[in-house]
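**Student:** Fold the stuff below for me.
(2 chains)
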Amino acid sequence: MTVSRFYSPQSIAEATAILRQQSGCQVLAGGTDLLVQMRNGVKQPEYIVDIKEIPGIRDVTLTNQGLTLGAAAPAQSVTERPDIAAAYPGLVEAIDMIGSTQIQGRCSVGGNLCNASPAADTVPALIAVGAVCHVVGGEGVRQVRVEDFNTGPGENCLKRDELLISLFIPRPGVGSADAYLRFTPRTEMDIAVVGAGVSLSLDPMGTVSAARVAIGAAAPTALLVEEAAAAIIGTTLEESALAALAAAAGAAASPISDKRGSAGYRTKVVGVMARRAAQIACDRAQQRQRRAH
Amino acid sequence: MRDAVTNRFKVIGTRSVRPDGIEKVTGQANYGADYSLPGMLWAKVLRSPHAHARITSIDLSAALAMPGVHAAITSDVFPDLKAGMEDSGEGEVDFHDLSCNVMARDKVLYHGHAVAAVAATSERIAEQALAAIKVDYEVLPHVVDIGVAMAADAPVLHQDMFTVGLAEPAAAPSNIASRSEISQGDLAAGFAQADIIVERSYRIPTAHQGYIEPHACVVSVNQDGQVDIWASSQGHFMVRDYTSKVLGVAVGSIKVTPAEIGGGFGGKTTVYLEPVAAALSARSGRPVKMVMTREEVFRATGPAAAGIVNVRIGARDDGKLTAMDSEVILDAGAYKGSPAATGARCMYAPYNCDNRRTVALDVVTNTAKTAAYRAPGAPQAHLGVECVLNEIADSLDIDPIDLRLLNAVDEGDRAFFGAKYRAIGLKQTLEAAKAHPNYHRPLANGQGRGVAVGFWFNFGLQSSATINVHEGGTVAVITGNPDIGGSRASMALMAAEALGVPLETIKPHIADTESVGYNDLTGGSRTTFASGWAVINAAEKIVESCRQRAAALWEVDVETVSWADGAAVCAGHDPLTLAQLAAKADVTGGPLTASASLNAKGAGPGFAVSLCDVSVDRDTGKVDIISFTALQDVGKAIHPGYVEGQMEGGAVQGIGWALNEEYIFDSQGRLENPGFLDYRMPVASDLPMIDTVIIECPNPGHPYGVRGVGEPPICAPMPAVTTAVNHAIGAHLTTLPLTPERVLAALDSL
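**Tutor:** From the prediction side, this is the model:
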């Protein structure tokens, strides 16, 4: 592992200029994936571009409109905020599943997304809450929905001179809530065999009026499963609706078999996680409705 | 009984502060990787990328030409040792195999097998030099599964291996190294008497001990041939003796200084690095340091044997066992020597039955040579017997503890493995389990309970101790076994007890191989028993010397002098304390010191009982342990806190092996999970608090009643967990680990 130069750009423009001028760059945020990949030889970048010095890139801001997560904001700066957990309980649960307390002091949600692991916990949770990526490059600015960001295992849609700057998540309404569940054989220090994030909105009668269902570790990238959402929209999450949601999640899955689980097992359990997450999201939405009254 | 024992003692049995505690919690204690010497080089090992291949050539020249590289070796530098088993103290070792495992000769036998090594001025240069070594391999078909390895058409690892122990001499080489059989009574008649017969076949995966400290050493070979080794191991005399064999250097030329040990569990009872570092140091003229990575530990150090255990047991309607017939097939890894026969000798040890047989098969595969892991062979063997007994209890509608009490061995019974039991605490332990509130907790839907018994012989073997009493009354207690589970505390407690002095005055030390008499390695749960006994004997010599010195000072007959509360006592004189006598040592015969050595006999067998409750998620197959109770007859708990620690640790390791731990190989025989992320040992949040119950049935073979405690605790958890899961889901799972996927498949097939 030989890195010939380490850059600490002080602005977005400086960062994108370095990325444009040098090939063989690797962007560094918390480094909790990159350093491990460099150690075991998976990545051998010639140049490292540490983006943490860019003003604002580690900021976390919650307003009435929504949550803005700077791309290099450490997980800890989200998980330690009760106001964020109250607004996006499922997303924060997913962030809190990353690594350990020590890892969470370094790792970022943005890095978790860019690393493009199919099993990343935050990605289905971000998709479920409708997160949008703010991307800046030499050719300007663009917005990319999280479900469109990753293109395959370890691959994302960023061009060579593009940087993920922040993620924006719209604030959920009164009758809305999210949840994320993953399955691991151990309670922690593990990687998802499958995961599922669900956000949903209830109308005043308690019927699901809108929903987003996303699954992780069940395909080359985390997927938004519209059929699964359709299965519960217009229902009160009765058993048949939940069964249809689970079936749709399983049908959307195209997992691999590996040491962490067979394709068959993943397909079965992703539906279980999705229906349980939907139930939790629904319970939370009902609580919010009750509190609002 | 327990009270009588407790009252005998003033110091032992207390939960004293650990003498090595402050150093360890403050990070000042030196483990294997903490040692450095001036001018030291770093060495790295080139390892085989193939599971089975012939080495056709190795070219070190490019590596040796690199700046910073001081030496590079292959197995050519080691003498080609004669094959054949040699007694090494705690078991037989084939030093030809050991040498080939340290560095491969003509063939590599597993992925990760050491092929060459380089010493360089930095770790990084050594790693780069490894990449410059050119090795040509002729890849051979491989086999990593014992079931497949036994087939007639399996790739044969060793062309010179012919199964030992067959009625007819083997005609062709085989991966079955040996077959051994023990039988008694008339099996056919026994099964004919049975009202119920249950027969099952169990599969147990390869599991690693998972000690937190990777293997590490520093070795310096001087110009006069003196070899100095600093290393973490379960026995520095073992490191000295094994390194001596592999190098072909006299034992007297090697000195080993023990580092602190960060866990071993049986896995540090052999050498991997020390002979390599010594050969590199001899060639470079510099000290050489080696530290394994975690991946190397998983790929190339000895895990516990995978197994196939076939069990058939018959019983009468009243629960009396009439016949037991078992086959224990264990994976030795690349070289013979699995603990199959040991496991077979343990599996019936808790029970009486007139008609029984065990057949043990030792099988080699293209996997790392296995090593000991707490009660080697016993957990695998017990899994089969204990699960089948639980099934019999279910079928007969007998409480599983009652079934065991009905058949349990007791004092005077002859054990299956041949010995006659002296006082043992099996029945007491079973009664305590039956009376425990956890055994009566109502189970909810989806929950299940399992009970199992475990057994380990416990060893004695050779130990030495020296005690030096300093002016001021401080007592140095010097022993020669690494402190792997709190042995400094145990030695200090026993010395304080025997001398009658306050515990705070005792300073336990672990000396190098030149500074204390010989000690067999820490294994077989022998250290507290045997080394502790050497300490007691040395302390009694000190007491005897003190009485004589006091008698001389008082000018009285020594028979009138007694020893009480750390002082010589005689009517008409003020008592002379140990400190006072030490101060007068110069005028009473010189320094107050004593040594004792022994080859300890009389190790008392240990029995343990596990009670386990689980809850199973029927949608995912995930098993949660909701309650676990470990009960054990420990003879006498010298330090109850550390005894409980042994019981809890054994429970947790057994639970991990039952539920998630396993070696996963790809189609090329490469280990896919050589790290703690995917080799899933339980983490703290996976487990409930482990409840422990210490039973004390004193071992009549030890002055303080001690039995070994480190090994029985891992023997019963696997069958207890497996039975609990089977009860929870109404299935008969027999293949471990009981992963969520396997449990869900069983649920789906019901």
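
**Student:** How about the contacts made by the closest residue to A:Leu28 other than its chain neighbours?
**Tutor:** Spatial nearest neighbour of A:Leu28, chain neighbours left out: A:Asp50 (4.6 Å); criterion: C-beta to C-beta, 6 or more residues apart in numbering or on different chains. For the C-beta atoms, the positions are set from N, CA and C on the backbone; glycine is no exception. Residues near A:Asp50 by C-beta atoms under 8 Å, 6 or more residues apart in numbering or on different chains: A:Phe6, A:Tyr7, A:Ser8, A:Pro9, A:Leu28, A:Ala29.

**Student:** so how far is chain B from the third one?
**Tutor:** This points to A:Ser8. Separation of A:Ser8 from chain B (C-beta to the nearest C-beta, to the nearest Å) stands at 24 Å.

**Student:** if I pick residue 107, what's in contact with it?
**Tutor:** Assuming you mean chain A. Contacts for A:Cys107 (C-beta under 8 Å, 6+ apart) come out as A:Ala29, A:Gly30, A:Thr32, A:Asp33, A:Pro74, A:Ala75, A:Ile98, A:Gly99.

**Student:** my question was about chain B
**Tutor:** Neighbouring residues of B:Lys107 by C-beta under 8 Å, 6+ apart: B:His52, B:Ala53, B:Arg54, B:Ile55, B:Leu140.

**Student:** Looking at the backbone only, give me phi and psi for A:Ser77.
**Tutor:** The phi/psi pair for A:Ser77 (degrees, to the nearest 10) reads phi -70, psi -10.

**Student:** How many residues are close by it?
**Tutor:** Look at A:Ser77: counted by other C-beta atoms under 10 Å in any protein chain shown, it has 19 neighbours.

**Student:** Give the closest residue to it in space, chain neighbours not counted.
**Tutor:** A:Val60 is the one closest to A:Ser77 (C-beta to C-beta, 6+ apart), at 5.1 Å.

**Student:** how about the one you found, what does it touch?
**Tutor:** Residues near A:Val60 by C-beta under 8 Å, 6+ apart: A:Leu67, A:Thr68, A:Leu69, A:Gly70, A:Ala73, A:Ser77, A:Val78, A:Arg81, A:Ile84.

**Student:** From the contact counts, what lies against the helix or strand containing A:Ala17?
**Tutor:** Following DSSP states H and E, one finds A:Ala17 within helix A:12-21. Judged by 3 or more C-beta pairs under 8 Å, 6 or more residues apart in numbering or on different chains; DSSP states H and E, the packing partners of helix A:12-21 are strand A:25-28, strand A:47-50, strand A:132-137, strand A:163-170.

**Student:** Make JSON lines out of those and add distance to B:Ser749.
**Tutor:** Below are the helices and strands packed on helix A:12-21 laid out as JSON lines (distance: least, C-beta to C-beta, whole Å):
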{"stretch": "strand A:25-28", "distance to B:Ser749": "48"}
{"stretch": "strand A:47-50", "distance to B:Ser749": "52"}
{"stretch": "strand A:132-137", "distance to B:Ser749": "44"}
{"stretch": "strand A:163-170", "distance to B:Ser749": "43"}
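
**Student:** would a markdown table of those strands with mean pLDDT be doable?
**Tutor:** Output for the helices and strands packed on helix A:12-21, formatted as a markdown table (pLDDT from 0 to 100):
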| stretch | mean pLDDT |
| --- | --- |
| strand A:25-28 | 96 |
| strand A:47-50 | 98 |
| strand A:132-137 | 97 |
| strand A:163-170 | 98 |
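
**Student:** Check the gap between the most centrally placed residue in chain A and chain B for me.
**Tutor:** The geometric centre of chain A, computed from its C-alpha atoms, lies nearest to A:Val123 (C-alpha atoms, centre = their mean), at 2.2 Å. Remark: distance between A:Val123 and chain B (C-beta to the nearest C-beta) = 19 Å.
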